[in-house]
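**Student:** Everything below, folded, please.
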Amino acid sequence: MTIPPAGPVWRPSSRRPKHRPGKSFKPAPQVVENTQVPRKAMDALQRHPWPGNVRELRNVIEHAAILTTGDTLRIPALDDAAPAGAPQPTLADSERQLILRALETTGWRIKGPKGTAAALGLNPSTLYSRMEKLGIRPPGQAEDGPA
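**Tutor:** Numbers count the residues shown, from 1 in each chain. As a prediction, the model looks like this:
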């Protein structure tokens with residue numbers, strides 16, 4: 001079974017029309033006519049993939065208009081995003097960091113009501129197996145384990 005790809009993703013561009021027939025795109029009432037969009041913000045808007053289509057773009061612009069003070073539009077949703085070339089952390093990396101932070105917070109105590117397993121909502125044996133899978137060892141323990 002072959003599923004055809006979805007239509008092209010719409011991105012804001014000076015080469016495309018400002019609106020589509022039948023679609024209305026009215027900015028939030030807070031946007032004043034003399035509001036300026038910095039080139040950096042416009043470039044960020046154009047680089048963003050917009051997986052949620054035009055509605056996501058509209059929501060970002062309206063949110064920015066509400067938060068903007070002055071006459072220059074600031075888009076915090078895109079300012080805080082990682083640069084386009086930055087590698088995204090994997091699920092394993094994120095899980096490893098979460099477990100390490102929890103272990104440090106609890107003083108590397110795994111079991112018990114004040115242990116890491118309880119803090120993470122895991123069974124201690126599950127935590128032990130995840131630690132082994134992710135290569136997490138208590139400080140001072142040899143890499144190869146006991147010989």
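
**Student:** Pull the contacting residues for Arg74.
**Tutor:** With contact set as C-beta atoms under 8 Å, 6 or more residues apart in numbering, Arg74 has these partners: Ala41, Ala64, Leu67, Thr68. Yep, even glycine has a C-beta here, placed from its N, CA and C like the rest.

**Student:** residues in contact with Met131?
**Tutor:** Neighbouring residues of Met131 by C-beta under 8 Å, 6+ apart: Ile99, Arg137.

**Student:** Now do the helix or strand hosting it, average pLDDT.
**Tutor:** Element membership for Met131 (DSSP states H and E) is helix 124-134. Helix 124-134 shows a mean pLDDT of 95.

**Student:** where in this structure is pLDDT low?
**Tutor:** Scanning the chain for pLDDT under 70 picks out 1-34, 52, 77-86, 142-147.

**Student:** burial count for the closest residue to Gly135 other than its chain neighbours?
**Tutor:** With C-beta to C-beta, 6 or more residues apart in numbering as the criterion, Gly135 has its nearest non-adjacent residue at 8.0 Å, and that residue is Arg96. Close neighbours of Arg96, defined as other C-beta atoms under 10 Å, add up to 18.
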